[in-house]
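K.L.:
got a predicted model here, sequence first, then my questions.
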Amino acid sequence: MEFFATGAVAFFLAGFVKGVVGFGFPIIVLVILTLTIGLFEALAILIVPTLVTNIWQAFSGPYWSAVMQRMWLYFACAVAGILVASRFLTAVNVDLLTGLLGGVLFFFALSRLFSFRIAVDRAKEPFLSVVLGTINGGLTGFTGSFMVPSVLYMHALGFSKDMLVQAMGMFFAISTLTLTVSLGSNSLLGVENLKLSFVALLPSFVGIFAGRRARDKVDEVLFQKIFMSALLLLGSYLLWRAAIAIP
């Protein structure tokens, strides 16, 4: 019962944040469940709600074709990165992977808090798509987090707010599908975890609808700052915990 209560709170909270700001779902679930049941189990239980919510987000606008024209190479390299990283997933010390997750969260939160922006020359997009897409895929394959550097890169491409939200949904959905394949190939996606993952849909969507209702009543900028500050602390904690656990 304690595990179900923790899981329900994690998925509701993640859904609420996604409903308010449009991202952050897998990060919150990963952090809470990694601290309670471990990284591999957290990755498995995260699959279904992440996939369903991101497919919904991916088809929420008219920019599918425009996004694919700009991002197909990035997407392809990220998929390749996930599949390659997943071959070594169970061979790497889980404390190292937890520390890597903490580092990703720390960097992402810091970049958002200080509004870090990069500018991308259109002529350099193919090269950057290969390099950054592969890096993103590797980080996703090892940690389950899709945010770095994809969100920063999409901002740098100059997408409008609605196009950015749809592009994130498309990328996260594709990455989740690939991560599902990689977890299955490593025997980390058992029947019990899949059942729990389907059950997690309920608190996830309750949280999303609650977040959407709250969006007009809260200061979104202030909410993001509080959320990113919390991620910064959680990322620091994961890094510290991994550091003292590694001999």
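P.N.:
That came through, no problem. What you see is a predicted model, and the numbers here were worked out from it, not measured in a lab. Numbers count the residues shown, from 1 in each chain.
K.L.:
residues near Ser182, how many?
P.N.:
21 (other C-beta atoms under 10 Å). No exception for glycine: its C-beta is placed from N, CA and C like everyone else's.
K.L.:
so it: helix, strand or coil?
P.N.:
What DSSP: H, G, I helix; E, B strand; the rest coil gives for Ser182 is helix.
K.L.:
quick one: name whatever helix or strand follows the helix or strand containing Ala8.
P.N.:
Per DSSP states H and E: Ala8 is located in helix 2-21. Using DSSP H and E, the helix or strand that directly follows helix 2-21 along the chain is helix 25-36.
K.L.:
just give me how far the next helix or strand after that following helix sits from the chain centre.
P.N.:
Counting by DSSP H and E, the next helix or strand C-terminal to helix 25-36 is helix 39-58. Centroid separation between helix 39-58 and its chain, computed with C-alpha atoms, centre = their mean, to the nearest Å, is 9 Å.
K.L.:
check stretch 90-108 too.
P.N.:
Using C-alpha atoms, centre = their mean, the offset of stretch 90-108 from its chain centre is 13 Å.
K.L.:
list the buried residues for it?
P.N.:
95, 97-108 (16 or more other C-beta atoms under 10 Å).
K.L.:
picking up where we left off before, and the angle for the helix holding Ala8 with helix 25-36?
P.N.:
With axes from the mean of the first three to the mean of the last three C-alpha atoms, to 10 degrees applied, the angle from helix 2-21 to helix 25-36 works out at 160 degrees.
K.L.:
can I get helix 2-21 as CSV, trimmed to CA atoms?
P.N.:
This file holds the C-alpha atoms of helix 2-21, laid out as CSV (Å, rounded to 0.1, in the frame of the first residue of the first chain):
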residue,chain,number,x,y,z
GLU,A,2,2.9,2.3,0.7
PHE,A,3,4.3,1.7,-2.7
PHE,A,4,0.9,2.3,-4.4
ALA,A,5,0.5,5.5,-2.4
THR,A,6,3.9,6.8,-3.4
GLY,A,7,3.4,5.9,-7.0
ALA,A,8,0.0,7.6,-7.1
VAL,A,9,1.4,10.8,-5.6
ALA,A,10,4.4,10.7,-8.1
PHE,A,11,2.2,10.3,-11.2
PHE,A,12,-0.4,12.8,-10.0
LEU,A,13,2.2,15.4,-9.2
ALA,A,14,4.0,14.7,-12.5
GLY,A,15,0.7,15.0,-14.4
PHE,A,16,-0.2,18.3,-12.6
VAL,A,17,3.2,19.9,-13.5
LYS,A,18,2.8,18.7,-17.2
GLY,A,19,-0.7,20.2,-17.2
VAL,A,20,0.6,23.6,-16.0
VAL,A,21,3.8,24.0,-17.9
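K.L.:
contact partners for Gln69?
P.N.:
Shown in contact with Gln69 (C-beta atoms under 8 Å, 6 or more residues apart in numbering): no residues.
K.L.:
three-state assignment of Leu189?
P.N.:
With three-state DSSP as the criterion, Leu189 reads coil.
K.L.:
and the residue lying closest to it once chain neighbours are set aside, how close does it get to Ser236?
P.N.:
Using C-beta to C-beta, 6 or more residues apart in numbering and skipping the chain neighbours, the partner closest in space to Leu189 is Leu183 (4.3 Å). Going from Leu183 to Ser236 by C-beta to C-beta, to the nearest Å gives 27 Å.
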